[in-house]
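1. I would like the atomic coordinates for the input below:
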Amino acid sequence: MNVLLISGLGPEFPNTSLTAGSAFEALRAPDAHREGTPGDALDLSALRVPVDGRHVPVLRPRAAAHRIRAVSSVRLQHTERDDASAAAPHLTTFTVSAILEAAGVDHELYPTEGIWNGGHPEPAGPFDVVLLSTTFIWDHATMARAIRWIEDRYPSATLVLGGQYSNLKFQQILAAHPFVRHVVRGDAEVALPRLLDALRRGEPTGDIPNLVWRDGDTGRIRLTEVRYADLEALPSPAPGGRYPVIPYESMRGCPFSCKYCSFPAASPKWRYKSAEKIAADFARYRDEHGAQYVKALDSTFTVPPTRLRALLPLLADAGLAWEAYTRANSLKDRSVVGALEEAHCRALAIGFESMNDTTLGHMRKQVKAQANRTAFELLSESSIHHWISFIVGYPGETPELFADTRDFLVNEYAGHFALYVFMLNDETMPVWQDAERFQLAVFDAEGDADEWSHVGMDSATARRLQRETLRDVRWKNDRAIQRTWQHEYELPLLPGRSTAENARVEKLVDRLGMAGADFPDPVEVADRQAGLLAELATHGVTATAAVG
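-> A predicted model of the protein is given here:
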């Protein structure tokens with residue numbers, strides 16, 4: 001049986017509205033940039049820095065950019081973040097390939113990025129079965145695009161879907177796309193090897209758990225029982241060869257029920273590996289595969305607290321650097337953060353979402369604003385890099401409630417952060433249970449749900465508050481750095497320099513590039529850019545072309 005696995009990231013939709021009219025927009029598409037805007041006089045590609053005796057561009061486009069559309073902090077929980085470490089193998093591909101290899105199924109791999117962007121040689125086929133991961137697909141249009149691409153190239157193949165999106169939307173997908181024959185819902189370890197064996201033998205699939213399919217005779221959609229894999233008993237995936245960075249999954253499901261997140265609906269039962277298994281996996285990756293860094297991509301790596309307390313001393317002994325996602329209230333005091341440092345934790349990502357308790361209550365976040373503040377203060381005093389996300393416009397939030405988040409970002413926050421406008425493009429989000437309470441209305445329900453309103457504000461107001469807040473943070477807070485344009489370029493901007501120096505240069509470049517969009521007066525723009533270029537020069541960054 002010839003099997004093709006298609007897995008990877010979703011299509012790139014950078015939020016260009018946040019850099020409209022800036023020098024970053026000109027750098028991205030110079031021919032399309034409007035003539036006469038203040039940012040036109042500045043060419044960011046002219047910025048150079050000495051590295052090993054050569055003057056290299058400060059803004060170096062990524063060879064394989066990890067740019068995906070981030071519509072809320074939940075979406076970030078399903079992505080591989082940008083950081084200073086080397087790129088890790090894609091977690092979904094890594095996991096499904098391991099399942100196939102353990103079952104003795106030979107297969108070819110093709111990245112989903114090839115569907116969206118081309119640039120990857122297409123497998124010739126023919127294939128008996130095509131497996132498509134939908135983990136980084138988030139709307140009907142993207143799903144349809146992927147299915148059409150496969151059907152056009154491999155029309156005789158049996159198409160099998162799996163992953164987050166198809167776990168949630170299997171009925172709609174099967175109803176709309178006759179070419180899709182099966183959907184594996186839940187744990188693929190339970191279903192996929194048996195399904196492929198049944199297809200190879202031409203046998204019925206009705207007794208295979210975790211499966212949805214269209215009956216060939218009646219056309220009816222049928223489901224089998226759901227069974228869960230024993231994560232403790234299953235061998236954790238391992239790469240075929242040596243990799244400096246390895247992704248990791250220590251749990252499935254989520255113990256929390258935040259109303260903006262549909263993640264638990266796709267995997268309702270929360271299960272997690274023991275501290276001992278995790279530590280043994282890390283040591284195996286280090287010893288057998290040359291790993292130097294692990295990216296734990298769970299919804300939150302730091303729960304339950306009993307596991308965390310047992311795990312950190314074991315990871316301290318393993319000596320392997322790692323990063324993870326956490327919740328703010330897992331970081332209660334300096335002793336916890338100190339134990340994380342001793343365990344070689346290098347970075348943590350947290351969804352604060354809001355600094356207002358009323359809004360956090362609407363979200364059912366189960367975290368108070370004070371817990372967010374405590375986590376921020378503890379991490380700021382530590383060696384652990386932090387990346388925090390916030391949301392504006394959650395149903396029920398008013399501009400007055402959002403002011404607490406805005407003031408925190410402008411006046412107190414330090415480090416990297418993102419501020420997203422809330423979106424309502426997933427009907428499985430628990431927030432829809434509050435539709436009447438918050439008078440939710442979506443004006444393009446079949447599309448991306450960009451336009452909405454509720455009792456607190458509408459989407460236009462949320463976008464205005466986002467832009468105004470980001471502008472104020474950019475120019476009034478020297479220590480906070482918002483991630484927008486950075487996803488397109490290699491980081492750190494200054495190879496071999498300290499974290500602190502890179503943070504300062506990144507802040508200066510952000511201001512330099514956005515000055516033309518943020519200020520209407522060309523004289524003020526020129527004065528600000530001149531001052532920024534003078535400070536950049538103190539870090540060895542110079543412009544090789546005239547700016548004026």
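
2. okay, CA-based contacts and neighbour counts for the rest of this
-> Fine.

3. in the helix or strand containing T405, which residues are buried?
-> Element membership for T405 (DSSP states H and E) is helix 399-411. By neighbour count on 16 or more other CA atoms under 10 Å, the buried set for helix 399-411 is L401, F402, A403, T405, R406, L409, V410.

4. tell me the contacts of the second one?
-> The reference is to F402. For F402, the contacting residues are S354, M355, N356, V392, G393, by CA atoms under 8 Å, 6 or more residues apart in numbering.

5. how about CSV for those residues, with pLDDT added?
-> What follows is the contacts of F402, written out as CSV (pLDDT from 0 to 100):
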residue, pLDDT
S354, 98
M355, 98
N356, 98
V392, 98
G393, 98
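
6. now the element after the helix holding T405, going C-ward?
-> Downstream of helix 399-411, the first helix or strand assigned by DSSP H and E is strand 415-421.

7. who's in contact with that following strand?
-> With CA under 8 Å, 6+ apart, strand 415-421 has contacts from 70-73, 386-393, 459, 462-463, 466, 470, 479-484.

8. ok, stretch 427-442 next?
-> Outside stretch 427-442, the residues that reach it (CA under 8 Å, 6+ apart) are 168, 258-262, 265, 363, 395-396, 424, 449, 451-456.

9. and the buried residues of helix 399-411, which two are furthest apart?
-> Greatest spatial distance among these (CA to CA): L401 and V410, at 15.2 Å.

10. just curious, which of the buried residues of helix 399-411 is nearest to G338?
-> Nearest to G338 among those: L409, at 25.3 Å, using CA to CA.

11. in contact with that closest one, which residues?
-> T469, V473, A480.

12. now, those that are in helices?
-> Counting by DSSP state H, the contacts of L409 place T469, V473 in helices.

13. let's verify the residue located most distally from the centre of the chain: helix, strand, or coil?
-> Centroid-distance maximum for the chain: D217 at 40.7 Å, with CA atoms, centre = their mean. Following DSSP: H, G, I helix; E, B strand; the rest coil, the label given to D217 is coil.

14. for it, give its distance to L211.
-> Between D217 and L211 the computed distance is 17 Å (CA to CA, to the nearest Å).

15. same deal with R148?
-> From R148 to L211 the distance is 22 Å (CA to CA).

16. so for these two, which residue has more residues nearby?
-> Neighbour count, other CA atoms under 10 Å: between R148 and L211, L211 has more, with 25 against 16.

17. what is the neighbour count of the closest residue to R214 other than its chain neighbours?
-> In space, and not counting its chain neighbours, R214 is closest to I221: 4.5 Å by CA to CA, 6 or more residues apart in numbering. By other CA under 10 Å, 16 other residues sit near I221.

18. before we move on, the earlier item: restricted to buried residues, select the contacts of F402 in ChimeraX.
-> What follows is the ChimeraX syntax selecting those of the contacts of F402 that are buried according to 16+ other CA under 10 Å:
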select :354,355,356,392,393
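
19. would you list the contacts of F402 in CSV and tack on distance to P121 and secondary structure?
-> Listed next are these as CSV, based on distance: CA to CA, whole Å; DSSP: H, G, I helix; E, B strand; the rest coil:
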residue, distance to P121, secondary structure
S354, 44, coil
M355, 47, coil
N356, 50, coil
V392, 41, strand
G393, 42, coil
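
20. for A339, which residues are in contact?
-> Residues near A339 by CA under 8 Å, 6+ apart: L312, P313.

21. on the three-state scheme, it is what?
-> Going by three-state DSSP: A339 is helix.

22. can you map out the strands along the stretch 251-400 of the chain?
-> Along the stretch 251-400 of the chain, counting by DSSP state E, counting those that start in this stretch, strands occupy 251-252, 271-272, 293-296, 321-326, 345-353, 385-392.

23. what inclination does the helix holding T405 have with respect to strand 385-392?
-> 160 degrees (axes from the mean of the first three to the mean of the last three CA atoms, to 10 degrees).

24. least trustworthy helix or strand in the protein by mean pLDDT?
-> In the chain, the helix or strand scored least confidently by mean pLDDT, DSSP states H and E is helix 73-76, which has a mean of 29.

25. and the next helix or strand past that helix?
-> Assigned by DSSP H and E, the successor of helix 73-76 is helix 91-102.

26. neighbours around D472, how many?
-> Counted by other CA under 10 Å, the residues lying close to D472 total 16.

27. with adjacent residues omitted, what lies nearest to it?
-> Here the residue nearest D472, using CA to CA, 6+ apart, is V410, at 6.3 Å.

28. now do the one you found against C258, distance only.
-> 26 Å.

29. just L159 next, same as before
-> 33 Å.

30. ok, P193 next?
-> In terms of CA to CA, P193 sits 33 Å off from C258.

31. flag the shaky bits of the stretch 401-548 of the chain, pLDDT-wise.
-> 425, 445-448, 545-548 (pLDDT under 70).

32. ok, which stretches of it are strands?
-> Counting by DSSP E, counting those that start in this stretch, the strands of the stretch 401-548 of the chain are 415-421, 441-442, 452-453, 480-482, 542-543.

33. please apply the same query to the stretch 51-200 of the chain.
-> So, for the stretch 51-200 of the chain - with DSSP E, counting those that start in this stretch - the strands run 54-57, 107-111, 129-133, 158-162, 180-184.

34. okay if I get those strands as a markdown table plus mean pLDDT and mean neighbour count?
-> Formatted as a markdown table, those follow (pLDDT from 0 to 100; neighbours: other CA atoms under 10 Å):
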| stretch | mean pLDDT | mean neighbour count |
| --- | --- | --- |
| strand 54-57 | 91 | 15 |
| strand 107-111 | 95 | 17 |
| strand 129-133 | 97 | 24 |
| strand 158-162 | 97 | 22 |
| strand 180-184 | 96 | 24 |
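
35. reformat the ones you listed as JSON lines; add distance to S7.
-> Shown next, in JSON lines, are those (distance: least, CA to CA, whole Å):
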{"stretch": "strand 54-57", "distance to S7": "32"}
{"stretch": "strand 107-111", "distance to S7": "5"}
{"stretch": "strand 129-133", "distance to S7": "5"}
{"stretch": "strand 158-162", "distance to S7": "10"}
{"stretch": "strand 180-184", "distance to S7": "14"}
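
36. of those strands, give the one that comes closest to L379.
-> Of all those, it is strand 54-57 that lies closest to L379, at 31.6 Å by CA to CA.

37. and the closest residue to L401 other than its chain neighbours, how far from A23?
-> Nearest-residue entry for L401: N356, 6.4 Å, with adjacent residues in sequence omitted and distances by CA to CA, 6+ apart. The gap separating N356 from A23 is 34 Å, by CA to CA.

38. then E535?
-> 18 Å.

39. same thing with T374?
-> 37 Å.

40. more neighbours, those two?
-> A23 (28 against 17).

41. do you know how far that one is from A46?
-> Taking CA to CA, one finds A23 at 12 Å from A46.

42. ditto for V294
-> Applying CA to CA to V294 and A46 gives a distance of 35 Å.
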